[in-house]
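Chemist: for reference, the sequence and a predicted model appear below.
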Amino acid sequence: MHTAIIITFGLILLALMLFIGEKIGFSRQTLTYSFIVLWLALTMINGAVGVVTANQPVTSELVVGSVVFGVPVAALVLFMAMSTDA
C-alpha cells in the first residue's frame, strides 16, 4: 500500500509542477529535468528510509524504487509525447 501511495504522490507532484510551472513561465524542458531530479532524490530518500527504519533488504528496495521512480517518469514521457506541437 505504501508503494501505491508514494506513486500517487509522484503523479500529483508531476501534475502540480507542470501546471504551476507553466503558469509561472518555466519551459517544459526545465520542468522535465527539475521533476526528474527531484523525484529521483525523493525516491532515493524513501528507499534509504525503508532500508534503515523498516529493515527492508536493499535488493527489494531497489526493485520497488525502480517502479516508484519509473511510473511517474513514464507518465511524464507519455504526457510530453502526447502534447508535442506537431
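Modeler: Looks like it came in fine.

Chemist: if I look at the residue sitting nearest the centre point of the chain, how far off is Ala75?
Modeler: Nearest residue to the geometric centre of the chain (C-alpha atoms, centre = their mean): Trp39, 4.0 Å. According to C-beta to C-beta, to the nearest Å, Trp39 and Ala75 sit 11 Å apart. Just so you know, the C-beta spots here come from the backbone N, C-alpha and C atoms, and that holds for glycine as well.

Chemist: overlap in contacts, these two.
Modeler: Common neighbours of Trp39 and Ala75, counting by C-beta atoms under 8 Å, 6 or more residues apart in numbering, are Leu14.

Chemist: how about Gly21: what's its closest non-neighbour residue?
Modeler: Take Gly21 and drop its neighbours on the chain: the residue closest to it by C-beta to C-beta, 6 or more residues apart in numbering is Leu31, 4.3 Å away.

Chemist: what helix or strand does the one you found sit in?
Modeler: Assessed by DSSP states H and E, Leu31 sits inside helix 28-52.

Chemist: can you give the contact residues for that helix?
Modeler: Helix 28-52 is contacted from outside by 6, 10, 13-14, 17-18, 21-22, 26, 56-58, 61-62, 64-65, 68-69, 72-73, 76, 80, using C-beta under 8 Å, 6+ apart.

Chemist: distance from that helix to the middle of the chain?
Modeler: How far helix 28-52 lies from its chain's middle: 6 Å, per C-alpha atoms, centre = their mean, to the nearest Å.

Chemist: which SSE is immediately downstream of that helix?
Modeler: Later in the chain than helix 28-52, the nearest helix or strand by DSSP H and E is helix 58-82.
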